[in-house]
Each structure stands twice: as structure tokens, then as C-alpha cells.
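Peer 1: Predicted model and sequence follow; I will ask about them next.
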Number of protein chains: 2
Amino acid sequence: MTKTRITSADVAARAGVSRSAVSRVFTEGASASPKTAQKVRRAAKELGYRPNPLARAMITGKSRIIGLLVAYLDNQFYPLALERLSTALEAQGYHILVFMVGNRGTDLDRVTQQLLDYRVDGIVTASVDMSNAVTQACQAAGIPVVMFNRAQDGAGISAVTSANVAGGRQVAEFLLAGGHTRIAHIAGWQGASTGRDRARGFTEALADADTAPTRVLDGMYDRTAAIDATRNLMERDPPDAIFVGNDHMAFAVMDTLRHDLGVSIPGDISIVGYDDVPLAAWPSYDLTTVRQPLNRMIEATIDTLLAQIESPNRPTQSIEIDGPLMVRTSARIPEGTS
Amino acid sequence: MTKTRITSADVAARAGVSRSAVSRVFTEGASASPKTAQKVRRAAKELGYRPNPLARAMITGKSRIIGLLVAYLDNQFYPLALERLSTALEAQGYHILVFMVGNRGTDLDRVTQQLLDYRVDGIVTASVDMSNAVTQACQAAGIPVVMFNRAQDGAGISAVTSANVAGGRQVAEFLLAGGHTRIAHIAGWQGASTGRDRARGFTEALADADTAPTRVLDGMYDRTAAIDATRNLMERDPPDAIFVGNDHMAFAVMDTLRHDLGVSIPGDISIVGYDDVPLAAWPSYDLTTVRQPLNRMIEATIDTLLAQIESPNRPTQSIEIDGPLMVRTSARIPEGTS
DNA sequence: ATGAAAGCGCTAACAA
DNA sequence: TTGTTAGCGCTTTCAT
């Protein structure tokens, strides 16, 4: 059995037409008579021919590959995002080429270069914070970029996020309504827009009620850091509620509180997280949290990206998607709540 | 600012050499005099030139892309595998093109075709059970395939797994030593080699001790199925220990037992899982489980794949990697254990 | 060691 | 609508 690849020439020969004819039959919206099309398709099927996307990419300049830049995969939110993103893009004839960037300021330049090398049609960055340089370079090279779950102020880069400021507010209001008086915040990484926005909305809403968080610590979106922050918090001035910057950290906080410190949740302290990953709904945590509507965020990401690929001069856009507070049992529930 | 791409011709012109010379300078182990190399590199740097991998792929037939076929990303084990795999491959100059296959018998044919279309240099399948057809087709097309965390009996396909039969045995022996007498098994999907092997090792070891599992239910590697199985088990004949086919299901079992059924773990029932995902070590579960040594499995996967890419006629190999039982508190600990 | 020429598999002008 | 003719950007014999 030979490993010979079938080319369009083979099909052309067999169908008794030119290679261009074959090409046109396999190209969206190209002109080919039904008769030719039929002949070509038959020959192709008999030969097991399929166009070579690489060759096609070279000439069209479109690879139908989307570069995905991703840092952490330990927070359940991102694997799910990847799954949805990939599935949705495959449905549109695109595929995802993965570029892992080490969590802390790795060789971004090398990655950027590779991204450009592969002539990807577009780029999605997920959980990548230091993307300024990258995104700038890619934009400059004419490759559309959409930041997923991160925003970049005024940088002229498209971004899709949930309404993080509003989400932070929601949490503050919920906690206030629950009668909490000493509310602390273990924030998401303050180098990330999500971390900052959630903290801001939260603090602002408290300020509106003439109060303030007892303390704000940066949990870096990291489990260990969150554990340390929790201990620190409890040693000095124990709060009666903690808003944690994402679910991943909130689980760490709950674990530490319950199992290390013997604190009852929500009896002694209420905990609220952010993301609503599936684990948040598991009864071991049953975490009250702000949902980031993954499906709609993915949808928006893809729409934005594809729109930008189709019309390169289209202005960039930032999309913010509202997410509800999922009330569960990790935080005391205000009286008379529906 | 123009979007013009720099080609090897530009570099050649600037360096005063031929395009072949440029090519050789950028090709591993090609002959170029130090002088030429220097001139070319300088010109390239000045122009910001980098070879186009797609064009290179067309001629060499090597895309330096590895196709990753993956089904579920909700079990923490696979995102981590993906992360490690991608990082390690990037270090070797490869990248991962993702192909999601819907959990239940989706259009495998379409995916297979696309895999072939892209002329990937190799394929890794992860958590893909029905891979027979796919892998066969790819092998036939001369593309090396390595199955990660699945084995295929006698199919002449390379595979990397942990020692699942031995792992199952370990669990049985541990539970027996702990004095359990009514041991049930909520098994991993019996359509998957891992599910079958673990169940087999487990049952065999019990048989060696002249006993048998009180019941064996297929949990399908699915949270909901595992919950149902747990309820079913508890209604009819409650065991004093359950070996669960993977951690992901074990968490569901523990949640159901504790929060739905008010069962104490390990007071009333001991639970043992499989995988040792990070979550297993979190204090909320603190799950006794058999570790699948991820890093070494990934290493073996990559070694096998790259070896096969380099010498296509090399025979396929199945590698099995031992994993220790991680003893934690979800199962009663035998007396006098170190 | 180097350049000229040929070609990977395909699509895009251009005529016909 | 169709075929012919050029390439896309690169690597690779084959001479030199």
C-alpha cells in the first residue's frame, strides 16, 4: 500500500477537466456548472481526494487556524472555555492551535513570533494578562485579536468580559443586605482587569453604603496565595464575610477556613466567589458566586473574531456580558429573598 | 504602514546571496559557510524575516503540528495533560492543533478526515475511547498515533497508560487490609480500557483473597451516572467501602454520600478513587486514590510519538507506568501502616 | 559551499 | 463557465 497523496491534478485527470475546475468545485461560492461539479465530486470521492489546507492557506493567506494563547488550565473555567471555543470554531471550519504561556512573564516574544509565523487568521487570548506586547504586535501584523475574559483599557483591542464591575457591586449589595458588617476582599490578581474591576465595583458599592471593606488582599488567582491571605485575614481581624476574586480561590478559602481554622460557613463567615464553575454547585462547596455566562461569552468572542477576520478594518469592540449572582449556601441569605 | 510579508528572496537580495543560501541557513544541519550564515542572519534580523512554516511544511511534508483528539475536559486530569503536553511539545518546536470530539460517538469520520487534511505529523488521542476507526485510518495514512491513557488490545497502536490492573489490585489489597468486608465498585466506563483494567485488577485481587465485590456498577466516568450508581448501591445493599473508577466520579460519590445520604466518610464507608488530580488532595475531599503519574506519562507519550515520527517503521509500543496509592483520609487506614 | 532551476498542491488572473 | 498561465514561499536536486 503506497503512501501517495492524491492531488487535484489526479482528480482533474480522472474527471477530464482542468485543475482549476477541481479547485472551483471545492471553493465556496465559485462558479462551476452542475455537470462539472458532479464529475469532479465523483472522481474526488473515488480517489479519496481532499484539498490540502496548507497549500490553500499559502495562496489565500487564510489558514483557518486560530491561535489560542492560554496561561493557566488549573482553574476549571478555562478548560471549559477551550472546549466550547474549539467546538464552536470547528463548526465554522476553524481549528485551534494552542500556545501555552508560562504563568509568569515567560518568553512572550517567542510565542508572539510563532503566532505570526503560523499565519493564524486570528488570535484569542485567555487568562493572559501581560498581553499588551503580544496583542500589539499581532494587531500591527494585521491579525485580529480578541481578549477573552480580560479587557485592555483604550488599547484598541477587542475584548469580551462579563460585567465585572457590576458583578462586584452585586456581591457587595448582597452581603450588605445579609447584614454583614465586617466584609473583606481577597481579590483577583490586580494585574488583571477582571481582578481590578471586581474589586472596584465591590468597593464602590460598599462606599455607596458609607462603608468599606475591612481589608483587601491580592490573592493573585492562586490557590496558595489565597490560603495565605485567608490565614493572614483571620489572624488579624476576622471578617464576617469574604468576597473572593474567583471560585478557584474561594474553594481554597473555604477549605482553609473549615478544615484548618474550624470556622463554620456561613455560620461564622459568609463566602462569595466569582465565575460559577461547575464545582461551585457541588454540595461540598455550594458556593454563592457570580456567574460568568460562558456560552454567551464564547459566542461573543467568536462573533467578534470572525467579523474582524472578514473585514479587517472593522473597529475593535469590547463586549460585556451580564451575569447573575447564583445564590447558594456559602453565604448567609438576606431575609425575604425570593 | 504596509502589511507586506518579508520573504526569503528579500533576505537573499539584501545579503547578496541566493534564496537557497537563505534556506540553508535556516535549516537544521545544512551546509553554509560561516560567512554566508552571518550575512544572512544579519539581513534577516534587519528585515525581521522568519521562515514561513506553512510553505516549509508543504515541501518537507512536515508541519510540526501534532493533532490532539480530546473528548472531555471536565475531568481535571485532561486539562492538565493538555497543558503539560503542549508545553513539552512547544519546547521541541511542535504545536498542538485541537480536535474536540463530542463525548458520545460523534462524527469521528469528519474529524479523522480533518486530521489527515492538515497533514499533522502525529496524533495524540486523550480520553477518546472509540478511537479504533480513527487510529486505524491515521495509521494507514502513515501518521503516527499515540493513545494517551487508553490502550487498545493488539491493535498495533502505541499507547501510554498507568498500570491500571496493578492499580486496581493495590486498591483491593488496601481495602482488604483495612478490614472491609463489603466492598463495591463503581467502575470507570467499561468501554474504555482504563475502566476495564482497573475493574479487572480489583476483582482479581479480591478473588485472590477468596472474596468478591458486592456489586460492580458502570459509572461511565460521568458525574450523574456516578451519583445514580451511589444511590442505587445504598438503597439495595450498602457496602462498607467503594472503589470508584476515577477521582471525578469519586467526588460525586462522596458528595452524594455525605450531603444527600448523611453517610460519614470514612466512618461508615471508605472511598478510594483513581487519578490523583489536584482536587483529590484538597481537604474537602482528601481522597485516597491511585496516582496516575502525569508528568511521566506525558514524557513517555512524547518520546514515543517523536520516535515514531522520526522513524516511521519503528514498531509501536505500549508503555505502562506505575503509580502509587496515595493514602489520605477518605478510606479507613489499615493498622500499623507506615 | 553555492546558485539555478524545478516543484510542493493549490488558487487567481486572464483569456477564450 | 472553463482552461491556461502564473505564482504563494519555501526546499531541494543538480551542477558548478
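Peer 2: Ah, there it is.

Peer 1: In contact with residue A:101, which residues?
Peer 2: The contact partners of residue A:101, by Cβ atoms under 8 Å, 6 or more residues apart in numbering or on different chains, come to A:69-71, A:108, A:111, A:128. Backbone N, C-alpha and C define where each C-beta goes, glycine included.

Peer 1: mind running it again at 7 Å?
Peer 2: Residue A:101 makes contacts with A:69, A:71, A:108, A:111, A:128, as judged by Cβ atoms under 7 Å, 6 or more residues apart in numbering or on different chains.

Peer 1: Which other helices and strands does the helix or strand containing the first one contact?
Peer 2: So the one you mean is residue A:69. Assigned by DSSP states H and E, residue A:69 belongs to strand A:65-70. Using 3 or more Cβ pairs under 7 Å, 6 or more residues apart in numbering or on different chains; DSSP states H and E, the elements in contact with strand A:65-70 are helix A:77-91, strand A:95-100, strand A:122-126.

Peer 1: orientation of the longest one relative to strand A:65-70 in degrees?
Peer 2: This means helix A:77-91. 180 degrees (axes from the mean of the first three to the mean of the last three Cα atoms, to 10 degrees).

Peer 1: Report the inter-axis angle for helix A:77-91 versus strand A:95-100.
Peer 2: Angle between the axes of helix A:77-91 and strand A:95-100 is 150 degrees (criterion: the same axes, to 10 degrees).

Peer 1: Turn the helices and strands packed on strand A:65-70 into JSON lines, including distance to DNA strand D, mean neighbour count and mean pLDDT.
Peer 2: Converted to JSON lines, these look like this (distance: least, Cβ to the nearest atom of the strand, whole Å; neighbours: other Cβ atoms under 10 Å in any protein chain shown; pLDDT from 0 to 100):
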{"stretch": "helix A:77-91", "distance to DNA strand D": "24", "mean neighbour count": "21", "mean pLDDT": "95"}
{"stretch": "strand A:95-100", "distance to DNA strand D": "18", "mean neighbour count": "24", "mean pLDDT": "94"}
{"stretch": "strand A:122-126", "distance to DNA strand D": "19", "mean neighbour count": "25", "mean pLDDT": "93"}
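
Peer 1: coming back round to it: ok, residues contacting the strand holding residue A:69?
Peer 2: Under Cβ under 7 Å, 6+ apart, the answer for strand A:65-70 is A:78, A:82, A:89, A:94-101, A:111, A:115, A:118, A:120-128, A:134.

Peer 1: one more time with 8 Å, if that's ok
Peer 2: With Cβ under 8 Å, 6+ apart as the test, strand A:65-70 has contacts from A:57, A:78, A:82, A:85, A:89, A:94-101, A:111, A:115, A:118-128, A:131, A:134, A:305, B:97-98.

Peer 1: just checking, what packs against the helix or strand of chain A with the lowest mean pLDDT?
Peer 2: Least confident helix or strand of chain A, by mean pLDDT, DSSP states H and E, is helix A:131-140 with a mean of 75. Packed against helix A:131-140 by the contact rule (3 or more Cβ pairs under 8 Å, 6 or more residues apart in numbering or on different chains; DSSP states H and E) you find helix A:108-117, strand A:122-126, strand A:145-148.

Peer 1: Settle this for me: residue A:10 is touching residue A:50, isn't it.
Peer 2: No: Residue A:10 is beyond contact range of residue A:50, at 11.9 Å (criterion: Cβ atoms under 8 Å).

Peer 1: more neighbours, these two?
Peer 2: residue A:10 (18 against 15; other Cβ atoms under 10 Å in any protein chain shown).

Peer 1: And for that one, nearest residue in space, chain neighbours not counted?
Peer 2: Closest residue to residue A:10 apart from its sequence neighbours, by Cβ to Cβ, 6 or more residues apart in numbering or on different chains: residue A:47 at 5.8 Å.

Peer 1: swap in residue A:289?
Peer 2: Closest residue to residue A:289 apart from its sequence neighbours, by Cβ to Cβ, 6+ apart: residue A:273 at 3.9 Å.

Peer 1: who's in contact with the one you found?
Peer 2: Contacts of residue A:273 by Cβ under 8 Å, 6+ apart are A:244, A:246-247, A:249-251, A:280, A:287-290, A:330.

Peer 1: any idea where the helices of chain A begin and end?
Peer 2: A:8-15, A:19-25, A:34-47, A:53-60, A:77-91, A:108-117, A:131-140, A:164-177, A:193-208, A:223-236, A:247-255, A:278-281, A:294-310 (DSSP state H).

Peer 1: Comparing the ones you listed by mean pLDDT, which bottoms out?
Peer 2: Among the helices of chain A, helix A:131-140 has the lowest mean pLDDT, at a mean of 75.

Peer 1: got the angle for that one vs strand A:122-126?
Peer 2: Helix A:131-140 runs at 170 degrees relative to strand A:122-126, counting by the same axes, to 10 degrees.

Peer 1: And for helix A:131-140, what's in contact with it?
Peer 2: By Cβ under 8 Å, 6+ apart, helix A:131-140 touches A:69, A:108-109, A:111-112, A:115-116, A:123, A:125, A:128, A:145, A:147, A:150, A:152, A:155-157, B:1.

Peer 1: Let me know the angle separating it from helix A:108-117.
Peer 2: Interaxial angle, helix A:131-140 versus helix A:108-117 (the same axes, to 10 degrees): 20 degrees.

Peer 1: List, one by one, the residues from chain A near DNA strand C.
Peer 2: Within chain A, the positions near DNA strand C by Cβ under 7 Å from any atom of the strand are A:5, A:7-9, A:19-20, A:22-23, A:26-27, A:30, A:49-52, A:55-56, A:58-60.

Peer 1: Repeat the analysis, applying 10 Å as the threshold.
Peer 2: A:4-12, A:18-31, A:44, A:49-62 (Cβ under 10 Å from any atom of the strand).

Peer 1: of those residues, buried ones?
Peer 2: Among these, those buried by neighbour count (16 or more other Cβ atoms under 10 Å in any protein chain shown) are A:6-8, A:10-12, A:21-26, A:44, A:49, A:51-58.

Peer 1: can you pull the contacts of residue A:158?
Peer 2: Residue A:158 sits next to A:144-147, A:304-305, A:308, A:316-319 when contact means Cβ under 8 Å, 6+ apart.
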